[in-house]
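Colleague: only geometry, no sequence info:
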C-alpha cells in the first residue's frame, strides 16, 4: 500500500492531486503546526487580466505559528467571501466550465465556519470529485497520530499498513530516509512537471490553484494532472 501526505491547503495546486493519484491513500496533516510566514494553508492564486489573482482567507493571528492547522480560526469580520466569489465570477465567467462549478463553489463559500480546515476540506472534496480522484483521503487527527518529523510518516504508514511512502523528490532532504528504511517503508518518488493547458487572460501562468484548470478544462483535468 502506498501512502502520501500533504497539508490541507487552500484550493490546492495540481501537484497535490497528482500525488494523490499516485498513492492508494492520502493523509491530510491537520495536526502539524500552522506555517509561520506566508504559506499556502490559507491562500492561493487564480488568474486575471493582470496576471495572478490572490485569494486569501483571513485568520486570527493570536498564537499564529504555534497552533496546529486544525485549530486555526477564520476571521470573519471582513467581506473576504464576497471578494473571493466576485473575483472568480469576474475572471472566470467566460471559462468553459464556470456554469458547472461556480454554483457549487458559491454554496461552499456561503456556509458559515469557524475553522479554516473545514473550509479547506470542503474545497478539497469539491476538487477531488471534479478531478475524479478515486482514492481515499483521511485526516491525521482521525488516525490519532501525534508524532512529528519522519516519525510522523512512519507512524502513519504503520497505522495504515502501508509499506511505501509517495513523495516529490525535493522533499527527501527534509526527512530521514534511514528511519523509514529501518521501519520497512520504501520511498516512492513521483516527478510532477506542471502542465500547460488552456487558460484565459494571455500568457500561461504555472502552478496556480487546480481550480483554474478545472474551470478551463473540466473533466479533462484529471488526465492533464496524472
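Modeller: Alright, I've got the coordinates. None of these values were measured; they are calculated from a predicted model.
Colleague: Any figure for the gap between the nearest residue to residue 48 once chain neighbours are set aside and residue 2?
Modeller: Leaving aside its sequence neighbours, residue 48 sits nearest to residue 91 (C-beta to C-beta, 6 or more residues apart in numbering; 4.5 Å). Quick note: C-beta positions are derived from backbone N, CA and C, even for glycine. For residue 91, the distance to residue 2 (C-beta to C-beta, to the nearest Å) stands at 37 Å.
Colleague: before we move on, what about residue 152?
Modeller: From residue 152 to residue 2 the distance is 17 Å (C-beta to C-beta).
Colleague: do residue 175 as well
Modeller: Distance from residue 175 to residue 2, by C-beta to C-beta: 16 Å.
Colleague: How about residue 140?
Modeller: Taking C-beta to C-beta, one finds residue 140 at 17 Å from residue 2.
Colleague: Have a look at those two and say which one is more surrounded.
Modeller: Neighbours were counted for residue 140 and for residue 2 using other C-beta atoms under 10 Å; residue 140 has more, 25 against 19.
Colleague: wait, what's in contact with the residue lying closest to that one once chain neighbours are set aside?
Modeller: Closest residue to residue 140 apart from its sequence neighbours, by C-beta to C-beta, 6+ apart: residue 31 at 4.4 Å. Neighbour list for residue 31: 68, 69, 70, 140, 141, 145, 146 [criterion: C-beta atoms under 8 Å, 6 or more residues apart in numbering].
Colleague: was I right about the fifth one contacting residue 70?
Modeller: Pointing back at residue 141 there. Yes: if you go by C-beta atoms under 8 Å, residue 141 and residue 70 touch, sitting 5.9 Å apart.
Colleague: what's the distance between the residue lying farthest from the centre of the chain and residue 162?
Modeller: Residue farthest from the centre of the chain, counting by C-alpha atoms, centre = their mean, is residue 182 at 29.8 Å. Going from residue 182 to residue 162 by C-beta to C-beta gives 15 Å.
Colleague: do residue 104 as well
Modeller: Counting by C-beta to C-beta, the gap from residue 104 to residue 162 is 32 Å.
Colleague: Contacts for the helix ranked longest in the chain, please.
Modeller: Determined from DSSP state H, the single longest helix within the chain is helix 116-130. Residues external to helix 116-130 that are found in contact with it (C-beta under 8 Å, 6+ apart): 8-12, 17, 20, 28, 30, 41-42, 57, 59, 69-70, 72-74, 101, 104-105, 108, 111, 113, 137, 139, 210-211, 214, 218-219, 221.
Colleague: Return the mean pLDDT over that helix, rounded to an integer.
Modeller: Here helix 116-130 scores 98 as its mean pLDDT.
Colleague: go on, stretch 215-226?
Modeller: Stretch 215-226 comes out at a mean pLDDT of 96.
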